[in-house]
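1. Pasting the sequence and the predicted model now:
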Amino acid sequence: MTGNVSGMESHAQSGFTAGGAFIIRVYGIYDGEDSATAMQELLQHLAGSLGRDFHFATTFQRADLLRRTQFRAGLPADACDADMIFVALGPEGRLSIELVAWLEEWAENRRVADAALVALVTGPAGSFQAAEILRGLAERHRVTLLLSDDAVSKHAQVMAQQRRRESPAPFVAFDPEPIQYLDHWGINE
């Protein structure tokens, strides 16, 4: 898994790494260190469960940066190309107006039709309200909403199976048997 929690980071847009592994692109927005840690732990768990042929390309962004003008100017390419958008909220569990507006813009402009929206709320306060807001957004934009770690794991497993099925068969090097040359040409010889 690549990425960091300190800010914006860009990643290659290829669907494979140089070693032939599949890439799942994740764009994560978090509101504090607790929520960032919860998001990283879930991604580490997913990375371990998907197998060696999958890697995560991650970009993490603090939610409070959405209030700054330069981040409201447009969506980063990493977000538009993400397979999963994580919204990790701390114990308060509150979605800011800026974050909801950003998510609406992402849902309208995403380039991955079957992208999923993942809600991670580390505390009980506000989690119901956040879930309802995200559920409405997901319904309006026909986005898959994942509200539990189990749902995220199942979705990632399904995504991994689909990518494996849709990928071209890998080249397998083989050493054919040596060709046996015959010293005659036809049935009359």
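-> Arrived safely, thanks for sending.
2. And what about the closest residue to A79 other than its chain neighbours, helix, strand or coil?
-> Once flanking residues are discounted, A79 sits nearest to Y27: 4.6 Å by Cβ to Cβ, 6 or more residues apart in numbering. (Each C-beta comes from the backbone N, C-alpha and C, glycine too.) Local secondary structure at Y27 is given as strand here, using DSSP: H, G, I helix; E, B strand; the rest coil.
3. ok, Y27 - contacts?
-> Taking Cβ atoms under 8 Å, 6 or more residues apart in numbering as the criterion, Y27 is in contact with T58, T59, Q61, P76, D78, A79, A82, M84, I85, F86.
4. Which of these scores worst on pLDDT?
-> Across the set of these, P76 stands lowest in pLDDT, at 85.
5. Please look at it and T59 and confirm they touch.
-> Yes. Counting by Cβ atoms under 8 Å, P76 does reach T59; the two are 7.3 Å apart.
6. neighbour-wise, which of those two wins?
-> In this view P76 and T59 are compared by other Cβ atoms under 10 Å, and T59 has more residues nearby, 23 against 16.
7. Any figure for the gap between the closest residue to the more buried one other than its chain neighbours and E166?
-> Nearest residue to T59 in three dimensions, chain neighbours excluded: D78, at 4.3 Å (Cβ to Cβ, 6+ apart). Computed with Cβ to Cβ, to the nearest Å, the distance linking D78 and E166 is 22 Å.
8. same check, this time on V152
-> When distance is defined by Cβ to Cβ, V152 is 21 Å away from E166.
9. Compare those two (neighbour count), which wins?
-> The residue with more neighbours, out of V152 and E166, is V152; 21 against 9, by other Cβ under 10 Å.
10. wait, that one sits on L43?
-> No. Taking Cβ under 8 Å as the definition, V152 is not a contact partner of L43, at 9.3 Å.
11. Could you report the neighbour count for E41?
-> E41 has 12 neighbouring residues, counting by other Cβ under 10 Å.
12. Beyond the helix or strand of the chain with the lowest mean pLDDT, next helix or strand please.
-> Lowest mean confidence among the helices and strands of the chain (mean pLDDT, DSSP states H and E): helix 69-72, at a mean of 56. Helices and strands here follow DSSP states H and E; after helix 69-72, the next one along the chain is helix 77-80.
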